[in-house]
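Participant: Mind looking at a prediction? Sequence and model below.
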Amino acid sequence: MNSVFRKCLSLLPVLGLAASSGAAPVFVEAESFAQPGGWMLDTQFVEIMGSPYLLAHGMGRPVADATTTVKIPEAGSWHVHVRTKDWVAAWKAPGAPGRFQLVVNGKPLETTFGTTGADWHWQSGGAIQLPAGEVTLALHDLTGFDGRCDAICLTQDATPPPAAGEALLAFRKKALGLPAAAPETKEYDLVVCGGGYSGMGAAISAARQGLKVALLQNRPVLGGNGSSEIRVWAQGGTRRGLYPNLGEIVDEFADRATNSPGLADEYGDALKEKLVRSEKNIDLFLNHHARSVEMEPGERKVIRSVTALDTKSGSETRFRAKLFSDCTGHGTIGALAGASFTMLEKGHMGMSNMWYLTEGEKAAPFAKPEWALPLEMGDFPPPKKSEKSPTVFQKGEWFWEGGFDKHPINDLELVRDWNLRAVFGAFNALKNGPEAAKYEKTNIEWVAGIGGTRESRLLQGDVVLQDTDIIQKKEFPDGCVPTTWDLDLHYPKEQFAKKFPEAPFISMAKFGKGVDRQNGYPVPYRCFYSKDVENLFMAGRCLSATHEALGTVRVMKTCGMMGEVVGKAAYLCIKEKTSPRGVYQSHLEKLKDLFRQPGSARRDSLDAPLVVPPGTPELPHTGSGLDPKKLEGLVLDDTAAKLTGSWTEGTGLKGYIGLGYRYASAGSGASARFEFTPPKAGTYEVRVAWQPHVNRATAAPVELAGKTFTLDQTKPAELKDGFHSLGRFDFPAGTPQVLTLGTAKAGGAVHLDAVQVVEVK
């Protein structure tokens with residue numbers, strides 16, 4: 001029998017099953033199937049429905065069967081119970097898109113599953129005759145539209161297991177033969193819960209300080225929203241401000257995507273895992289969901305251990321440590337430990353499920369999904385041309401976002417499913433609407449089955465960051481992590497909320513002013529530990545901040561730097577035998593010294609000095625690009641341009657000057673105006689920088705000194721550092737000169753990076 005399956009040795013009536021003979025029921029966790037086939041492990045909603053489950057996320061194409069074997073203790077009649085749901089029944093939508101079959105020893109049961117119930121329940125498959133011994137089971141997807149299966153129970157009694165709650169949890173543990181108390185690990189210095197950017201930053205930073213670290217991630221890949229599963233490109237400026245070495249660790253694993261959603265390989269899942277596993281002080285536990293905590297006895301709030309569920313086997317392990325860092329995004333560990341938090345149940349930012357289309361060589365029919373939202377052209381923004389890949393035809397970006405007034409944790413599965421109904425409703429409008437000819441050969445290639453969430457619990461620290469702190473540039477003695485993103489909050493876009501005003505699925509961003517994008521506003525260290533739980537750090541979007549302030553600090557690279565700070569502070573906690581608060585109170589200058597050290601610096605043990613590996617390059621401290629101050633002549637970065645129209649910021653095309661670049665659509669009316677005054681009369685060469693790409697302008701118009709030039713930005717610029725010469729110009733002394741870059745008849749996206757003015761001697 002497959003090792004992940006256990007049969008029930010005994011089941012008490014309180015658990016909802018009473019065997020009518022000596023044969024014990026057999027319980028099968030779907031996520032433990034030996035071969036998952038095309039079914040995807042979904043762990044997003046364990047807090048809601050009690051378990052991970054398998055999801056047939058085929059974007060309308062049935063996925064390959066999930067298969068396994070199980071041992072039947074005796075021949076006879078066995079009742080089949082499958083825990084599932086009709087995922088559109090909550091809205092009384094027709095069609096039951098998540099239909100699947102259970103195939104036993106090669107023969108499908110007569111019952112089609114996923115066709116009843118708005119809530120998770122045990123759908124009966126009737127009674128079947130089974131032989132004693134090994135039996136094969138298969139989940140056979142019928143639609144490709146997100147059928148879901150949590151578990152299968154075979155009994156000789158018609159009574160199903162408990163439907164939900166503590167009774168079901170107790171039944172699972174009994175059925176799987178789990179011990180009453182989960183086994184406990186060795187004591188770590190730091191347990192990090194959550195493997196997104198903040199968790200990776202915390203784990204790597206702490207490990208390089210000599211701490212023994214356990215990193216728990218409830219997904220099979222690292223990166224969180226910045227993984228191939230969700231595909232949000234990482235934003236936020238690194239390596240700048242008060243402590244320009246912060247961000248060096250983040251830049252080691254940050255994705256290389258040039259826009260959202262990118263292609264899977266742009267997110268570097270394997271690179272992230274390889275980097276973490278290369279740290280000898282980190283024990284990485286993928287597919288481990290932190291679900292409960294054990295506190296030390298006494299009145300003080302001190303976490304002793306975190307219990308994590310192995311999302312494939314169903315077993316549990318208690319991870320013991322001196323310190324813990326909540327990098328779950330939802331503030332899960334803090335809430336379980338009794339930490340204070342705030343959470344908007346209405347009016348918060350939502351969850352995005354992005355998608356993209358590809359263009360095939362032949363017609364690709366798409367049958368109308370009767371269960372999808374009944375959308376027409378005009379009910380949603382038309383899909384955008386990809387800025388990054390000729391293989392991607394069009395895409396739906398971050399603004400495919402819903403759930404603004406739904407509970408940010410308890411309603412997440414409903415929000416994800418509503419988003420899916422919206423995506424497929426829009427695709428149906430494209431394929432079968434008035435513009436069907438345009439989309440005749442179009443396929444829906446990828447839809448995020450794992451949602452990208454933005455806001456839920458905000459754990460409270462000794463400082464709660466306010467948006468006014470940032471706007472007024474309030475100075476804190478422990479300011480450290482630079483936040484460079486604007487105060488960016490999302491709201492439903494009224495234009496597309498008319499048909500479903502109670503549940504809009506398209507968002508808009510409202511940007512507040514006041515953030516120093518060049519140097520960043522230094523977020524206080526005291527936002528990164530709990531004011532209540534003595535040994536709990538937090539990093540990422542569950543930090544101590546208000547809803548308004550979250551608008552800037554929530555982007556991934558900024559969250560990753562929070563993790564870097566937590567790792568360094570954790571070292572001082574262990575070294576000085578103090579708490580996170582004690583580091584601020586008694587060891588702040590030592591912490592600042594650590595901020596000034598390179599991210600590559602390591603110590604072999606707590607008592608060893610930091611050592612910078614030989615050959616470590618000195619990184620520029622003006623962002624990830626070339627430092628304009630180190631280039632010849634006068635260099636005007638894109639941040640110096642006076643802009644009109646809509647320009648999008650980017651960092652994905654490497655080799656840029658300064659903090660990044662901008663681009664604007666051809667014919668959009670956008671323009672950029674650079675002004676400079678030569679210090680003396682003379683001949684000057686004027687150059688324009690760009691990074692080439694297939695979708696860039698073939699004839700970007702430039703005007704200077706009464707002359708007009710066109711630039712082919714699909715091709716590399718011919719000079720050093722990505723510059724192209726416009727020629728030599730004789731300028732008088734003290735007379736302002738103007739260079740304008742436009743978008744009219746550009747033949748592609750116009751790329752704006754920098755202008756260089758060099759005196760010819």
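Facilitator: Noted; the coordinates are in hand. Numbers count the residues shown, from 1 in each chain.
Participant: make it CA atoms for all contacts and neighbour counts henceforth
Facilitator: Will do.
Participant: Correct me if wrong: residue 665 contacts residue 751.
Facilitator: No. Assessed by C-alpha atoms under 8 Å, residue 665 is found out of contact with residue 751, at 9.2 Å.
Participant: Residue 199 touches residue 538, doesn't it?
Facilitator: No. The criterion here is C-alpha under 8 Å, and residue 199 misses it with residue 538 at 9.2 Å.
Participant: before we move on, the earlier item: ok, residue 665 and residue 751, which is more surrounded?
Facilitator: residue 751 (30 against 22; other C-alpha atoms under 10 Å).
Participant: quick one: contacts for that one?
Facilitator: Contacts for residue 751 (C-alpha atoms under 8 Å, 6 or more residues apart in numbering) come out as 661, 662, 663, 664, 690, 691, 696, 697, 713.
Participant: next one: residue 384
Facilitator: Contacts of residue 384 by C-alpha under 8 Å, 6+ apart are 394, 395, 396.
Participant: Excluding chain neighbours, what is closest to the second one?
Facilitator: The shortest distance from residue 395 to any non-neighbouring residue, by C-alpha to C-alpha, 6 or more residues apart in numbering, is to residue 356 (3.9 Å).
Participant: which ones are touching the residue nearest to the spatial centre of the chain?
Facilitator: Closest to where the C-alpha atoms of the chain average out (C-alpha atoms, centre = their mean) is residue 225, at 0.6 Å. Shown in contact with residue 225 (C-alpha under 8 Å, 6+ apart): 196, 231, 232, 452, 453, 556.
Participant: wait, which of these is closest to residue 471?
Facilitator: For the contacts of residue 225, the minimum distance to residue 471 (C-alpha to C-alpha) is 20.9 Å, reached by residue 556.
Participant: ok so, going back, so which of residue 199 and residue 538 has more stuff around it?
Facilitator: Neighbour tally, residue 199 and residue 538, criterion other C-alpha under 10 Å: the higher count belongs to residue 199, 36 against 33.
Participant: How about the secondary structure of that one?
Facilitator: Assigned by DSSP: H, G, I helix; E, B strand; the rest coil, the conformation of residue 199 is helix.
Participant: Could you count how many residues lie near the nearest residue to it once chain neighbours are set aside?
Facilitator: Distances taken as C-alpha to C-alpha, 6+ apart put residue 327 closest to residue 199, at 5.3 Å, once the chain neighbours are dropped. Per other C-alpha under 10 Å, the neighbour tally for residue 327 reads 34.
Participant: Tell me if I'm right that residue 327 and residue 194 touch.
Facilitator: Yes. With contact defined as C-alpha under 8 Å, residue 327 counts as touching residue 194 (4.7 Å).
Participant: residues in contact with the strand or helix carrying residue 270?
Facilitator: In this structure, residue 270 sits in helix 269-277 according to DSSP states H and E. In this structure, residues lying in contact with helix 269-277 by C-alpha under 8 Å, 6+ apart are 200, 204, 221, 222, 223, 227, 228, 253, 282, 283, 284.
Participant: Could you give the number of residues near the last one?
Facilitator: Meaning residue 284. By the measure other C-alpha under 10 Å, the count of residues near residue 284 is 19.
Participant: Tell me which helix or strand the nearest residue to it once chain neighbours are set aside sits in.
Facilitator: Computed as C-alpha to C-alpha, 6+ apart, the closest residue to residue 284 that is not its neighbour in sequence is residue 215, at 5.0 Å. Per DSSP H and E, residue 215 falls inside strand 213-216.
Participant: Mind listing what's buried along whichever helix or strand comes after that strand?
Facilitator: From strand 213-216 onward toward the C-terminus, using DSSP H and E, the following helix or strand is helix 248-253. Buried residues in helix 248-253, defined by neighbour count with 16 or more other C-alpha atoms under 10 Å: 248, 249, 250, 251, 253.
Participant: biggest separation within the residues you listed, which pair?
Facilitator: Spatial extent of those (C-alpha to C-alpha) is set by the pair 248 and 253 at 9.4 Å.
Participant: Could you measure from the residue nearest to the centre of the chain over to residue 335?
Facilitator: Distance from residue 225 to residue 335, counting by C-alpha to C-alpha, to the nearest Å: 21 Å.
Participant: May I have the beta-bridge partners of residue 521?
Facilitator: According to DSSP bridges, the partner residues bridging residue 521 are residue 483.
Participant: List the contacts of it.
Facilitator: Each residue near residue 521 by C-alpha under 8 Å, 6+ apart is listed here: 241, 470, 473, 481, 482, 483, 484, 515.
Participant: Residue 431 too?
Facilitator: The neighbourhood of residue 431, defined by C-alpha under 8 Å, 6+ apart, consists of 365, 366, 437, 439, 440, 442.
Participant: Also residue 120?
Facilitator: 49, 83, 84, 85, 163, 164.
Participant: Secondary structure element for the closest residue to the second one other than its chain neighbours, which one?
Facilitator: Nearest in space to residue 83, with sequence neighbours left out and distances taken as C-alpha to C-alpha, 6+ apart, is residue 122 at 4.2 Å. Under the criterion DSSP H and E, the helix or strand holding residue 122 is strand 121-130.
Participant: go on, residue 291?
Facilitator: Assessed by DSSP H and E, residue 291 sits inside strand 288-295.
Participant: Contacts only, for residue 513.
Facilitator: Contacts of residue 513 by C-alpha under 8 Å, 6+ apart are 471, 486, 487.
Participant: Among those residues, name the buried ones.
Facilitator: For the contacts of residue 513, a burial check counting by 16+ other C-alpha under 10 Å picks out 471, 486, 487.
Participant: Pull up the per-residue confidence for the second one.
Facilitator: pLDDT, residue 486: 93.
Participant: which residues of this protein fall in helices?
Facilitator: Here the chain has its helices, by DSSP state H, at 46-49, 165-176, 197-208, 248-253, 269-277, 332-336, 412-432, 467-471, 547-553, 556-576, 580-586, 588-595.
Participant: that older thread, could I get the contacts of residue 384 as JSON lines with distance to residue 185?
Facilitator: Output for the contacts of residue 384, formatted as JSON lines (distance: C-alpha to C-alpha, whole Å):
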{"residue": "394", "distance to residue 185": "48"}
{"residue": "395", "distance to residue 185": "45"}
{"residue": "396", "distance to residue 185": "44"}
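Participant: Looking at those, which gets the smallest pLDDT?
Facilitator: pLDDT across those is lowest for residue 394, at 84.
Participant: Give me the nearest residue to that one, chain neighbours excluded.
Facilitator: Once flanking residues are discounted, residue 394 sits nearest to residue 385: 4.6 Å by C-alpha to C-alpha, 6+ apart.
Participant: how far away is that neighbour from residue 260?
Facilitator: Note on residue 385: its distance to residue 260, by C-alpha to C-alpha, is 12 Å.
Participant: These two: which has the busier surroundings?
Facilitator: More neighbours surround residue 260 than the other of residue 385 and residue 260, with 22 against 16 (other C-alpha under 10 Å).
Participant: got a list of what that one touches?
Facilitator: With contact taken as C-alpha under 8 Å, 6+ apart, residue 260 is in contact with 231, 232, 233, 397, 398.
Participant: The last one contacts residue 350, doesn't it?
Facilitator: No. Counting by C-alpha under 8 Å, residue 398 sits too far from residue 350 to count as a contact (10.2 Å).
Participant: who's more crowded, the two?
Facilitator: Comparing residue 398 with residue 350 by neighbour count (other C-alpha under 10 Å), the higher total belongs to residue 350, at 30 against 19.
Participant: Verify the stated contact: that one with residue 454.
Facilitator: Yes. Look at residue 350 against residue 454 with C-alpha under 8 Å: they come within range, at 6.0 Å.
Participant: confidence score at the nearest residue to residue 365 once chain neighbours are set aside?
Facilitator: Nearest residue to residue 365, sequence neighbours excluded (C-alpha to C-alpha, 6+ apart): residue 440, at 7.3 Å. If you check residue 440, the pLDDT there is 93.
Participant: Now for residue 440, how many residues are close by?
Facilitator: Residue 440 has 19 neighbouring residues, counting by other C-alpha under 10 Å.
Participant: Now for it: which residues touch it?
Facilitator: Listed by C-alpha under 8 Å, 6+ apart, the contact partners of residue 440 are 363, 364, 365, 431.
Participant: Over to it: give its phi and psi.
Facilitator: Residue 440 adopts backbone torsions of phi -60, psi -40, taken as degrees, to the nearest 10.
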